[in-house]
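Enquirer: just need the structure, nothing else, for what follows:
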Amino acid sequence: MALRLLYFVFVRQGGWLVLLGRSSAAKDVELLVLRWHRRLVAKKWTYPNRSGRPRIDEAVVALIERMARENTGWGYRRIQGELLKLGHRTAASTVRRVLKRLRIPPSPTRNSDTSWRRFLRAQAGSMLACDFRYVDCAVTVKRVCVFFVMEVGTRYVHILGTTTNPDGRWTTEQARNLLMELDDRASEFRFLVRDSAAQFIASFDSVLTTTSGDHTERDTTLHHDPITRPETPAVEPYVAGECLAA
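Expert: Numbering: from 1, shown residues only. Reported below is the predicted structural model:
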């Protein structure tokens, strides 16, 4: 073991002495040869630069999104098979990655979203929302109540009337005026969003129910019995903001 160590020390010192004895020209030639050899090897064995997987076509992304939204029971492999029928070779992992980027859940839970936001998007065209807006009169120093109804789909606001004493009978009469104003369009609306104010008595609901032949709804409840959801935002601040902006 000791002899082997002495041999390595002797070889290393001999190499240093040889380097010290060589001229600078010989060293430059050796460096040029080594540089040329490195370039030769790099040119021979270097592969072209790759930036990872090729980018998926936007048309395929649109197809994946449409299939997932219109067919809630289709999983990744089913969508992959349907794309293959259309001539698009796409891996199931790519379908999963695209749906994850679009924030579309997997097929078992894709159709379980019953949130208030989704209900509004689905039923906005057939929904009305009503509320009260209180305004202080600068002349008489009295608080005036403005009753309005908004078409959720178009954000069109119907100002039905103003009063200083809003009660159930007055609100019911304004509901009849609304039906007269809507005329033939009254049958297009199936839901009414309102809060649990005391002005909304049973006759108010019965006017809309018996006339349109459909159910009067409060907030997101799909039963005839009104149920208050306090977490649902009121319509009045939205309309007030729109009026101030105008």
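Enquirer: residue contacts, Arg78?
Expert: If you count contacts by CB atoms under 8 Å, 6 or more residues apart in numbering, Arg78 has them with Asn71, Ser107. Using the backbone N, CA and C atoms, a C-beta is placed for each residue, glycine as well.
Enquirer: how about low-confidence regions in the chain?
Expert: Residue ranges of the chain with pLDDT under 70: 1, 15-23, 27, 44-52, 110-115, 210-246.
Enquirer: let me know the secondary structure of the closest residue to Leu102 other than its chain neighbours.
Expert: Leaving aside its sequence neighbours, Leu102 sits nearest to Glu65 (CB to CB, 6 or more residues apart in numbering; 5.6 Å). Assigned by DSSP: H, G, I helix; E, B strand; the rest coil, the conformation of Glu65 is helix.
Enquirer: so which strand or helix has the residue most central in space within the chain?
Expert: The chain has Arg103 as the residue nearest its centroid, 6.9 Å off, counting by CA atoms, centre = their mean. Arg103 is part of no helix or strand when elements are defined by DSSP states H and E.
Enquirer: quick one: the helices in this protein?
Expert: 2-21, 24-45, 58-70, 76-85, 92-101, 116-123, 168-182, 202-212, 236-245 (DSSP state H).
Enquirer: distance to Val193 for those helices - can I get that in TSV?
Expert: Formatted as TSV, these follow (distance: least, CB to CB, whole Å):
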stretch	distance to Val193
helix 2-21	89
helix 24-45	70
helix 58-70	25
helix 76-85	36
helix 92-101	32
helix 116-123	9
helix 168-182	14
helix 202-212	12
helix 236-245	12
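Enquirer: so how far is Met127 from the residue nearest to the centre of the chain?
Expert: According to CB to CB, to the nearest Å, Arg103 and Met127 sit 25 Å apart.
Enquirer: ok, Leu84 - contacts?
Expert: Contacts of Leu84 were listed using CB under 8 Å, 6+ apart, and they are Thr90.
Enquirer: so that it lines up with my notes, have the first residue be 124 from now on.
Expert: Sounds good: first residue 124 from here, last item Leu207.
Enquirer: and the residue nearest to Leu225, how far is that from Phe327?
Expert: Glu188 is 42 Å from Phe327, by CB to CB.
Enquirer: which of these two has more neighbours?
Expert: Phe327 (22 against 16; other CB atoms under 10 Å).
Enquirer: for the more buried one, which non-adjacent residue is spatially closest?
Expert: Excluding the flanking residues, the one nearest Phe327 by CB to CB, 6+ apart is Thr295, at 4.8 Å.
Enquirer: residue contacts, that neighbour?
Expert: Counting by CB under 8 Å, 6+ apart, Thr295 touches Ile324, Ser326, Phe327, Val330.
Enquirer: and if you look at Leu209?
Expert: Residues in contact with Leu209, defined by CB under 8 Å, 6+ apart, are Leu186.
Enquirer: likewise the one 10 residues further on?
Expert: Contacts were defined as CB under 8 Å, 6+ apart; by that measure Arg219 touches Tyr199.
Enquirer: what do you get if the cut-off is 10 Å, keeping everything else the same?
Expert: Contact analysis of Arg219 by CB atoms under 10 Å, 6 or more residues apart in numbering lists Ile187, Gly198, Tyr199, Arg200, Ile202, Gln203, Pro229.
Enquirer: for the second one, grab the count of nearby residues.
Expert: Looking back up the chat, that one is Gly198. The burial count for Gly198: 18, using other CB under 10 Å.
Enquirer: ok, the nearest residue to it once chain neighbours are set aside to Val218 distance?
Expert: Nearest residue to Gly198, sequence neighbours excluded (CB to CB, 6+ apart): Ser230, at 4.5 Å. Separation of Ser230 from Val218 (CB to CB): 11 Å.
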